[in-house]
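Asks: Can you look at this prediction? I've put the sequence above it.
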Amino acid sequence: MPRILTGWQPDAGLRAAARSRAVLLGALACAAPAGATDLAIVGARIIPAPDAAPIGNGVILVDDGRIEAVGSAGEVAVPDGVPRLEVDGQVIVAGFWNSHMHLLGEAYKDVARQPAGRLAAVLQEQYGHWGFTTVFDLASFGGDAPALKRRIEAGEVRGPRVLSVGMPFFPLDGTPVYTRQLLEEAGVPSPEVASAEEGRARAIRQLDEGLDGVKLFTGAILGRDGVKLMDAPVAAAVGRVARAPGKPVFAHPTTVRGMEIAIDGGANVLAHTTPADGPWSDGIVARLVRDDVAVVPTLAMFEIEIRREQAPPAVVERFVGNGQQQVAALAAAGGTVLFGTDAGYVEAFDTTRELQLLAATGLDWRQILASLTTAPAGFFGEGAQRGRIEPGAVADLVILGASPEQDATAFADVVHTLRGGKSIYSREAGAGPSR
Ligand SMILES: [Zn+2]
């Protein structure tokens, strides 16, 4: 049957509603009486969570941005008059987290003054299109992230929920080689930290501005000059400020020594694996697990970077293979893997390659789904609200065109992305290329 909801992207959807009998947008736009169901999503196979049994011919009821009920069509009745999104043959999973991206690039410059429609279109193409309902910006220019967060949370710009660390902390004389041009063009002084006291004061200021964590470059890549490590007391001073109120401390480690400085300093998320430094030993993996340090692999980004240097295929394979060994060893030891792409730093928003590389490490589709949903939600303290499709949870949902149970790249085959029960991406609205 034809899907009732044609053109369910905000603008196109409103136009469609105005000229046809499509009622959904109208129903969503009118304030529904409290307690009334706003939307029923029917017909899909529902995978409520990585550790839950899939539900065939499922129904999800959404009320006021939250999941009211979930179950099979035989268990959950759709009340009369409720707008229906018919998604027969499709698969629903919880909204994805991208735990490493950047609000960098033309679209986010002077973000407070960018037209709302343009920002929404960019966010839709870069993140909604790939199922992300929450994104963690791991370094952008001061002020951009708070301004974008405000506009999204006010409902003025439609997009994923944005969390951000704002400006990162670089070691003294340790501005990473690949950030120099960016900083110069923006006319922004490098965020190097000269002392523990300076780091502490800036961390307090940034968290007061409403940022959601901090990021330490404990091992900064200087190109021919090697790797500049952060002084341990500086890392510890910044780390303490963020960890006290329970905010995450991300680290860019580059080497195993950079990892150790990070963990000693209280970092609890490695923003990358460390493929340049060879495979991880059992000892370092055990330390990550014992200290509950999560890792964002960013394997596809490393592949892009090493290819950019025109490395021969055997070198590319060994380099990316190191990262894959690290992910496999961490997962086998029970550690936490968080999905992230470093999008915005690399112009690669399509998640397919990262999914392929993760699957090739031996992670199964449930572990990959966990890295996209339950693992970040739990790790960042929102496990009761997000990451699973269950009554009471926020209605952050991804509707896939195929099932990831056969092939994990189906997590990139996104038909609709809903954040809090509202569309932030719909393939049918012509919001992106069909696959
Ligand atoms: Zn990054």
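Replies: Great, that's in hand.
Asks: distance between the ends of stretch 140-148?
Replies: Counting by C-alpha to C-alpha, to the nearest Å, you get 11 Å between the two ends of stretch 140-148.
Asks: pLDDT score assigned to Asp225?
Replies: The per-residue pLDDT reported for Asp225 equals 82.
Asks: what's the burial count for it?
Replies: By the measure other C-beta atoms under 10 Å, the count of residues near Asp225 is 10. In this view, the C-beta of every residue, glycine as well, is placed from N, C-alpha and C.
Asks: swap in Leu182?
Replies: A count of neighbours around Leu182, defined by other C-beta under 10 Å, yields 13.
Asks: can I assume it sits in a helix?
Replies: Yes. Assigned with DSSP: H, G, I helix; E, B strand; the rest coil, Leu182 falls within a helix.
Asks: need the contact list for the residue lying closest to it once chain neighbours are set aside.
Replies: Once its chain neighbours are removed from consideration, Leu182 has its nearest residue in Leu104; the separation is 7.2 Å (C-beta to C-beta, 6 or more residues apart in numbering). By C-beta atoms under 8 Å, 6 or more residues apart in numbering, the contact set of Leu104 is Ala139, Ser140, Phe141, Leu182, Gly344, Tyr345.
Asks: Show me which pair in the residues you listed is furthest apart.
Replies: Taking C-beta to C-beta as the measure, the contacts of Leu104 reach their widest spread between Phe141 and Tyr345, a distance of 13.2 Å.
Asks: returning to what we had before: narrow the contacts of Leu104 to those that are buried.
Replies: Ala139, Ser140, Phe141, Gly344, Tyr345 (16 or more other C-beta atoms under 10 Å).
Asks: Which residue in these has the weakest pLDDT?
Replies: Minimum pLDDT for the buried ones among the contacts of Leu104 is recorded at Phe141 (88).
Asks: Check the spacing between it and Ser190 real quick.
Replies: In this structure, Phe141 and Ser190 are separated by 12 Å, where distance is defined by C-beta to C-beta, to the nearest Å.
Asks: Please name the residues that touch the residue of the stretch 1-150 of the chain found nearest the ion.
Replies: Using C-beta to the ion, Leu138 is the residue of the stretch 1-150 of the chain that sits closest to the ion, at 5.1 Å. Contact analysis of Leu138 by C-beta under 8 Å, 6+ apart lists His100, Met101, His102, Val165, Pro168, Lys215, Phe250, Ala271, Gly340, Asp342.
Asks: make it 6 Å
Replies: Shown here is Leu138, whose contacts under the criterion C-beta atoms under 6 Å, 6 or more residues apart in numbering are His100, Val165, Lys215, Phe250, Ala271.
Asks: in a helix, that's where the fourth one is, yeah?
Replies: What that stands for is Phe250. No. Note on Phe250: no helix contains this position according to three-state DSSP, which reports strand.
Asks: That one: neighbouring residues, count only.
Replies: By other C-beta under 10 Å, the residues close to Phe250 number 27.
Asks: do the same with Gly81
Replies: If we define neighbours as other C-beta under 10 Å, then Gly81 has 9 of them.
Asks: on that earlier part again, CSV for the contacts of Leu138, including pLDDT, distance to the ion and secondary structure?
Replies: Shown next, in CSV, are those (pLDDT from 0 to 100; distance: C-beta to the ion, whole Å; DSSP: H, G, I helix; E, B strand; the rest coil):
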residue, pLDDT, distance to the ion, secondary structure
His100, 98, 6, strand
Val165, 97, 10, coil
Lys215, 97, 9, strand
Phe250, 98, 9, strand
Ala271, 98, 6, coil
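Asks: Just the buried ones among those, please.
Replies: Buried members of these, counted by 16+ other C-beta under 10 Å: His100, Val165, Lys215, Phe250, Ala271.
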